[in-house]
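Engineer: sequence plus predicted model, see below.
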Amino acid sequence: MRPTLDASPLATPLPLVSPVFIDPVAAPAAPVSSGTPASTVRHTGALPRVLFVDQSGQLGGAEFALLQLAEHCRSHSEVVLLSDGPFRTRLEALGARVQVINDASVSGIARQASALNCLRVLPGIVRQVRALAARARAFDVLFVNTQKALVLGALGKALYRKPVIWYQHDILTREHFGRVQLSVIKWAVRLAVDHVVVNSQASARSLAALTGLAADSVPVVYNGIDASAFDRVDGTDIGSLRQRLGLPEHAWLAGLFGRLAPWKGQHIALDALARLPDAHLVLVGAPLFGEDAYAQRLRDQAAALGIAERVHFAGFQDDVPTWMKAMNVILHTSTEPEPFGRVIVEGMAAGRPVIAAAAGGVTEIVRHGRNGWLVKPGDAAALAEAIAVLRTDPALAQRLAQQALIDARAEFSVERYLERMIDELTAAMQRPGDRTNTQASR
């Protein structure tokens, strides 16, 4: 199947890479103006008092989305974390009130955990449920941002009796979760959640398949990306920028951003690099959740392929805009469908061409040949071919980057994200139980 190219006044006949398999996509959101300070986001009703709950102390896509919302609502909200870490530090730096309700046994439950393992940590779950319920009584709405937060909030709802809203950041399939976890999520949503908000149409479809909810009844609120953070980085002198970061000044650099994990596909990028003489690969990210062995395998793979001197392991970097602007192209290589693809929008906001794996929420962001380039997930040859196309045709790469920047500002702004999320929070307070549970009972 050939990829469909969107019509554009900038478009010229394009060389096509290997066949691309693309999910059905929703129509792109209508453009809105960007650049409005978050403090001026319009509200249509009284702001609810919100207790935000997240399971992680680490910084991932779900946590970055919550950072923006918690900062905006900091005068009338609190954040409960089920694990301590740098996420707490970032929240507190923004002025958010944070409490950590941690239980080591519960924190260790894996997505693929068995029913027996869940039963073993039942006392810890009970403690956390009670502590969370005690805090929730002082607020109007409980906003759960991750799966464990969802479960604990659902279990304690009879104790605090407040509306529950869940922001779903994941594709709910067996590739990502165990049967027990999916069953628990299903019944938590059907019985205890008043509103579900999803981060993409792809996430909505997985929710519909799991719970029976109508996918079109669940509002989609895309994550917001702060384009101004990229504007503050001067990328005109790319040589000096790279020198400051310790990167080769004159090499052609492909950047891959994200935690080092097998499903993120860094090994696919290494295989592609082996087919591209002289190109360099920069891996920005660190292993989390016990994935250190994978990080070592990547180093061994680079050595075995004879490309170790062209692979740069940068580790975790807080200044993503600067690192992205130092690249010639941004890669996304996930081997499984991505719920959203925050790093893709960041690459677009950096004004760099993006090559992405065509699955899940990614196809709601990237329009092949218009604002980026799509390749089949897990196909190193197709990825190498796409990189070669953009490397040998800088005019094409520039056209894609220009349109990507326009789309990132218009369709994925922080202002749009905050306005829509505040509307959902207000609706959850004013009309508890009228959406999710009604749909689930049909």
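Structural biologist: Great, that's in hand. Residues are numbered from 1 along each chain as shown.
Engineer: and residue 48, that one's in a strand?
Structural biologist: No. Residue 48: not assigned to a strand; according to DSSP: H, G, I helix; E, B strand; the rest coil it is coil.
Engineer: hang on, isn't it packed against residue 429?
Structural biologist: Yes. Residue 48 lies in contact with residue 429 (C-beta atoms under 8 Å); the separation is 4.1 Å. To be clear about C-beta, it is placed using only N, CA and C from the backbone, and glycine gets the same treatment.
Engineer: what residues are shared contacts of these two?
Structural biologist: Here residue 48 and residue 429 have 140, 141 as joint contacts, going by C-beta atoms under 8 Å, 6 or more residues apart in numbering.
Engineer: for stretch 336-350, measure first residue to last.
Structural biologist: 25 Å (C-alpha to C-alpha, to the nearest Å).
Engineer: could you do stretch 71-88 as well?
Structural biologist: 12 Å.
Engineer: same thing with stretch 149-169?
Structural biologist: End-to-end distance of stretch 149-169: 12 Å, with C-alpha to C-alpha as the criterion.
Engineer: below-threshold pLDDT in the chain: ranges please.
Structural biologist: For the chain, the stretches with pLDDT under 70 are 1-45, 104-120, 431-442.
Engineer: one more time with 90
Structural biologist: Within the chain, the ranges that satisfy pLDDT under 90 run 1-47, 58-61, 102-125, 174-178, 180, 234-236, 288-291, 318, 427-442.
Engineer: phi, psi for residue 142 please.
Structural biologist: phi -100, psi 120 (degrees, to the nearest 10).
Engineer: so it touches residue 167, yeah?
Structural biologist: No. Between residue 142 and residue 167 no contact is recorded; they are 11.6 Å apart, counting by C-beta under 8 Å.
Engineer: so which of the two has more stuff around it?
Structural biologist: Neighbour count, other C-beta atoms under 10 Å: between residue 142 and residue 167, residue 142 has more, with 31 against 26.
Engineer: any idea how far residue 420 is from residue 223?
Structural biologist: Between residue 420 and residue 223 the computed distance is 11 Å (C-beta to C-beta, to the nearest Å).
Engineer: swap in residue 390?
Structural biologist: Distance from residue 390 to residue 223, by C-beta to C-beta: 25 Å.
Engineer: more neighbours: these two, which one.
Structural biologist: Between residue 390 and residue 223, counting by other C-beta under 10 Å, residue 223 is the more crowded of the two (24 against 21).
Engineer: SS state for the more buried one?
Structural biologist: coil.
Engineer: what's the neighbour count on the closest residue to it other than its chain neighbours?
Structural biologist: The spatial neighbour of residue 223 that comes closest, neighbours along the chain excluded (C-beta to C-beta, 6 or more residues apart in numbering), is residue 65 at 4.8 Å. By other C-beta under 10 Å, the residues close to residue 65 number 25.
Engineer: so who does residue 65 touch?
Structural biologist: 145, 167, 169, 199, 223, 224, 342, 417.
Engineer: how about residue 425?
Structural biologist: 47, 48, 50, 141, 143, 165.
Engineer: and if we set it to 7 Å?
Structural biologist: Taking C-beta atoms under 7 Å, 6 or more residues apart in numbering, we find residue 425 in contact with 48, 50, 141, 143, 165.
Engineer: then residue 203?
Structural biologist: Contact partners of residue 203, counting by C-beta under 7 Å, 6+ apart, are 168, 170, 171, 339, 361.
Engineer: let's see that with 8 Å instead.
Structural biologist: Each residue near residue 203 by C-beta under 8 Å, 6+ apart is listed here: 168, 169, 170, 171, 172, 339, 340, 361.
Engineer: which parts of the chain are strands?
Structural biologist: Secondary structure of the chain, counting by DSSP state E: strands at 50-54, 77-81, 98-100, 141-144, 164-168, 195-198, 252-257, 279-284, 311-315, 329-331, 354-357, 373-375.
Engineer: is residue 176 in contact with residue 185, as I believe?
Structural biologist: No. Counting by C-beta under 8 Å, residue 176 sits too far from residue 185 to count as a contact (10.9 Å).
Engineer: what touches both of those two?
Structural biologist: In contact with both residue 176 and residue 185: no residue, using C-beta under 8 Å, 6+ apart.
Engineer: which of the two has more neighbours?
Structural biologist: Higher neighbour count among residue 176 and residue 185: residue 185, with 23 against 18, using other C-beta under 10 Å.
Engineer: got the contact list for that one?
Structural biologist: Residue 185 touches 147, 150, 151, 172, 177, 210, counting by C-beta under 8 Å, 6+ apart.
Engineer: what is the burial count for the residue nearest to the second one when sequence neighbours are not counted?
Structural biologist: Beyond its immediate neighbours in the sequence, the residue positioned closest to residue 150 (C-beta to C-beta, 6+ apart) is residue 144, lying 4.6 Å away. For residue 144, the neighbour count with other C-beta under 10 Å is 27.
Engineer: and the gap between residue 144 and residue 416?
Structural biologist: In terms of C-beta to C-beta, residue 144 sits 22 Å off from residue 416.
Engineer: can you check residue 277 too?
Structural biologist: Taking C-beta to C-beta, one finds residue 277 at 42 Å from residue 416.
Engineer: thought residue 261 was touching residue 295?
Structural biologist: No. Counting by C-beta under 8 Å, residue 261 stays clear of residue 295, with 9.1 Å between them.
Engineer: please enumerate the shared neighbours of the two.
Structural biologist: Overlap of the contact sets of residue 261 and residue 295 (by C-beta under 8 Å, 6+ apart) consists of residue 287.
Engineer: of the contacts of residue 65, closest to residue 327?
Structural biologist: Among the contacts of residue 65, residue 342 lies closest to residue 327 (C-beta to C-beta), at 16.5 Å.
Engineer: which residue sits closest to the closest one, ignoring its sequence neighbours?
Structural biologist: Per C-beta to C-beta, 6+ apart, closest to residue 342 is residue 61, 4.6 Å.
Engineer: how close does the one you found sit to residue 257?
Structural biologist: Noted for residue 61: a distance of 11 Å to residue 257, by C-beta to C-beta.
Engineer: and residue 101, by the same measure?
Structural biologist: Between residue 101 and residue 257 the computed distance is 31 Å (C-beta to C-beta).
Engineer: the two: who's more crowded?
Structural biologist: residue 257 (23 against 19).
Engineer: quick one: the more buried one and residue 319 touch, right?
Structural biologist: No. Using C-beta under 8 Å, residue 257 makes no contact with residue 319, being 11.6 Å away.
Engineer: number of nearby residues for the residue nearest to residue 342?
Structural biologist: So residue 61, with other C-beta under 10 Å, has 19 neighbours.
Engineer: now do the one 5 residues further on
Structural biologist: Here the number of neighbours of residue 66 (other C-beta under 10 Å) works out to 25.
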